[in-house]
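Undergrad: Whatever this is, show me its structure:
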Amino acid sequence: MNMNFKKIFIYTLLISGLASCTIDDFADDYSDPSKLAGTTVGKQFTGMIMSNRQSVLPSYWDYFVIKRITSNRFTQSVGWVNVENQYVPGSAAVNDRWNNYYNFMAQYRELQKVYDGLTDVKKQDNRVFMIAAATYFYDHTQQVVDLHGDIPWTEAGMLSTNGGDYSKSYAGYDKASDIYTKMLDDLAGFATEIGSLQINPASAVEFKTQDLINNGDIDMWKKYINSLRLKMLTRVSGTSEFSARAKSEIASILSNPSQFPIVADNASNIMWDIYSVGTVIGGNDFRSGLEDWNGNIAGKAILDHMVVNEDPRLTYVFQPGIESNGAYLGLDPLMNPTDQNELVLTQTLSVYNFSTISRNQYFPGILITAPEVHLMAAEFYLKEGQDATAKMHFEEAVKKSIGFYQYLRSISNNAEADAPVVPTEQSISNYLAMDEISWSAASSMDEKLSLIADQKWLHFNVIQSNENWHELRRLGKVDLDFWTDNSNQQNLPPSRWMYPGSEQTYNMENYVKVQPQDKLTNTLFWDVN
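TA: Residues are numbered from 1 along each chain as shown. The predicted model follows:
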């Protein structure tokens with residue numbers, strides 16, 4: 001795998017004893033490797049989650065270093081001044097995202113190591129931690145697989161397990177489809193197992209204390225597991241290898257809500273909530289990460305779609321430029337770069353809403369929301385010929401998305417943006433009746449699938465921009481025009497990310513096996529549209 005192994009091993013030592021939810025306590029209590037002997041499954045579970053916090057919570061690193069130049073642009077969620085080489089993901093973004101995942105994986109492996117050292121009785125007492133940890137780990141593994149394709153996985157992150165022996169720890173690449181198979185198999189097992197899991201009172205108390213995602217709520221973990229299954233199954237549903245499985249398992253999940261509950265309402269959204277500003281992520285990280293270097297400018301296509309169709313989310317998601325006299329204006333990606341830059345300087349362009357999004361210091365780390373789950377259900381029922389049920393889920397997704405943005409605004413501690421226009425039942429009904437939105441006005445399955453794709457794009461925008469890019473590629477239905485970069489062989493957005501340079505430096509023996517496929521133009525196995 002990526003291998004500045006020494007860096008990862010030191011990182012593992014530093015955080016494998018994490019017990020607290022604050023960065024200061026984390027540094028104070030667990031910088032001494034000798035404290036590793038006192039770690040527990042619960043502490044290591046929290047440490048694993050904390051090690052990945054910058055990829056979940058809206059961090060400066062994730063937004064400015066990575067998403068600003070990749071998924072935010074590749075989805076046209078934002079507008080930007082065109083530059084040469086803009087469709088090649090930068091090495092800093094690729095290396096950092098890769099290293100973050102494998103540091104996270106090292107913590108997961110350390111958790112497995114601690115658990116494996118327990119007695120059978122203690123293993124049963126701590127089983128809930130392992131189900132939750134694997135679910136969370138698989139969620140973020142899917143995201144990395146969907147960026148690159150094949151990755152080092154089964155044998156990766158084993159340096160500590162291998163006693164610090166580097167020679168045994170260089171990992172081969174697993175096929176992306178094999179990783180999906182393993183994760184889907186395990187999650188299906190978890191979905192059944194967690195329903196009958198007996199948790200003793202002491203373990204339940206510890207789980208509630210150490211669980212940063214669902215606060216020890218088993219029902220929420222059930223919904224997370226099954227909704228993640230839906231997401232993975234939907235992602236691979238168009239492939240010949242997975243289509244039959246996806247159809248069968250999605251049908252089973254959606255038809256058995258008592259056995260396989262899902263995230264069906266906003267009260268069940270799977271998120272990492274912020275309770276105290278500045279404890280687990282910098283209070284101004286999102287502001288700087290999204291707004292610096294004009295990274296928050298509205299893309300023309302997404303803004304125009306919302307304005308023309310009188311989208312009830314408009315005043316929650318965007319705000320007019322300070323010199324625009326209240327008009328909404330997005331940056332056209334096909335403009336000459338010089339003209340684009342001059343327009344940016346006029347401060348008439350709309351930006352992402354300060355109070356709902358970038359300056360909302362209580363903005364959560366979003367994992368899975370009800371709107372996306374309903375859109376997955378709508379797609380499934382549409383393809384199964386159950387149009388009325390598909391329509392119900394589609395319209396419910398829109399309503400839940402509107403409610404979600406209202407919720408985000410309600411928890412904000414920022415009031416710099418103008419008060420949003422509060423949606424009414426009538427305004428929502430009017431929106432659903434618009435020609436570009438109406439399910440009934442669409443005359444074919446393809447047109448209705450485009451409606452679903454558009455709503456995913458609108459709901460995800462910059463707040464889930466990686467998920468946005470994955471679904472944009474899978475469905476191929478959102479109509480976007482991109483400036484052609486004639487200075488570069490990669491003249492349009494890529495189909496995947498290449499592997500970081502560290503793989504060629506540290507893991508060359510394994511990298512050479514995937515090198516022929518390591519091209520920006522190669523599509524992932526599920527990208528079959």
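
Undergrad: any residues touching stretch 292-308, and which ones?
TA: Stretch 292-308 has contacts (CB atoms under 8 Å, 6 or more residues apart in numbering) with 63-64, 68, 72, 76-81, 289-290, 311, 313-314, 317-318, 328-333, 344, 349-352, 358, 436, 454, 457-458, 461-462, 479-481. (C-beta placed from N, C-alpha, C; glycine too.)

Undergrad: Against D304, how distant is L187?
TA: Here L187 is placed at a distance of 39 Å from D304 (CB to CB, to the nearest Å).

Undergrad: where does the stretch 151-300 of the chain have low pLDDT?
TA: By pLDDT under 70, the weakly predicted segments of the stretch 151-300 of the chain are 167, 169.

Undergrad: who's more crowded, L187 and D304?
TA: Using other CB atoms under 10 Å, the more surrounded residue of L187 and D304 is L187, with 22 against 15.

Undergrad: Under a three-state scheme, what state does M271 occupy?
TA: Following DSSP: H, G, I helix; E, B strand; the rest coil, we place M271 in the strand state.

Undergrad: Run a quick neighbour tally on it.
TA: 18.

Undergrad: Please name the nearest non-neighbouring residue to it.
TA: Take M271 and drop its neighbours on the chain: the residue closest to it by CB to CB, 6 or more residues apart in numbering is P364, 4.0 Å away.

Undergrad: Hmm, that neighbour is touching I274, no?
TA: Yes - with contact defined as CB atoms under 8 Å, P364 reaches I274; the gap is 6.2 Å.

Undergrad: Filter the contacts of stretch 292-308 down to just the ones in helices.
TA: The helices, defined by DSSP state H, take in N72, G289, L290, L314, V317, V344, D454, W457, L458 from the contacts of stretch 292-308.

Undergrad: P337: which of those is nearest?
TA: When those are ranked by distance to P337 (CB to CB), V344 comes first, at 10.4 Å.

Undergrad: mind listing what's buried in the helix or strand that A301 is a member of?
TA: Element membership for A301, per DSSP states H and E: helix 300-308. By neighbour count on 16 or more other CB atoms under 10 Å, the buried set for helix 300-308 is K300, A301, I302, L303, H305, M306, V307.

Undergrad: export that helix as CSV, just CAs?
TA: Written as CSV, here are the backbone C-alpha positions of helix 300-308 (Å, rounded to 0.1, in the frame of the first residue of the first chain):
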residue,chain,number,x,y,z
LYS,A,300,-24.2,28.5,-13.3
ALA,A,301,-26.0,25.2,-14.1
ILE,A,302,-27.0,24.3,-10.5
LEU,A,303,-28.0,27.8,-9.6
ASP,A,304,-30.0,28.4,-12.8
HIS,A,305,-31.9,25.1,-12.2
MET,A,306,-32.9,26.3,-8.7
VAL,A,307,-33.8,29.8,-9.8
VAL,A,308,-35.8,28.8,-12.9
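
Undergrad: Now find how far off-centre that helix is within its chain.
TA: How far helix 300-308 lies from its chain's middle: 23 Å, per CA atoms, centre = their mean, to the nearest Å.

Undergrad: same check, this time on stretch 454-466
TA: Distance, centroid of stretch 454-466 to centroid of chain: 10 Å (CA atoms, centre = their mean).

Undergrad: again with stretch 383-400
TA: Chain-centre distance of stretch 383-400: 23 Å, with CA atoms, centre = their mean.

Undergrad: Let me see the mean pLDDT of that stretch.
TA: Averaged over stretch 383-400, pLDDT sits at 99.

Undergrad: ok, and for it, which residues are buried?
TA: Buried residues in stretch 383-400, defined by neighbour count with 16+ other CB under 10 Å: 383, 389-400.

Undergrad: List just the nearest of these to W98.
TA: Using CB to CB, the buried residues of stretch 383-400 come closest to W98 at A397, 32.6 Å.

Undergrad: right, and the secondary structure at the closest residue to K222 other than its chain neighbours would be what?
TA: Nearest residue to K222, sequence neighbours excluded (CB to CB, 6+ apart): P261, at 5.2 Å. Secondary structure for P261, judged by three-state DSSP, is coil.

Undergrad: give me the number of residues near P261?
TA: P261 has 20 neighbouring residues, counting by other CB under 10 Å.

Undergrad: residues contacting it?
TA: Residues near P261 by CB under 8 Å, 6+ apart: D219, K222, K223, N226.

Undergrad: separation between it and I194?
TA: Going from P261 to I194 by CB to CB gives 11 Å.

Undergrad: which residues do the two both contact?
TA: Common neighbours of P261 and I194, counting by CB under 8 Å, 6+ apart, are K222.

Undergrad: Show me just the buried residues among the contacts of P261.
TA: K222, K223, N226.

Undergrad: My guess is the last one contacts I262. True?
TA: It refers to N226. Yes - counting by CB under 8 Å, N226 touches I262, with 5.0 Å between them.

Undergrad: what do those two both touch?
TA: Listed as contacting both N226 and I262 by CB under 8 Å, 6+ apart are I253.

Undergrad: in the longest helix seen in the chain, what's buried?
TA: Longest helix of the chain, by residue count under DSSP H: helix 91-116. Buried residues in helix 91-116, counted by 16+ other CB under 10 Å: 93-115.

Undergrad: For the helix or strand following it, give me every contacting residue.
TA: Using DSSP H and E, the helix or strand that follows helix 91-116 in sequence is helix 120-125. Contacting residues not belonging to helix 120-125 are listed as Y115, I199, N200, A202, S203 [CB under 8 Å, 6+ apart].

Undergrad: Could you name the specific helix or strand carrying the fourth one?
TA: Element membership of A202, judged by DSSP H and E, is helix 201-210.
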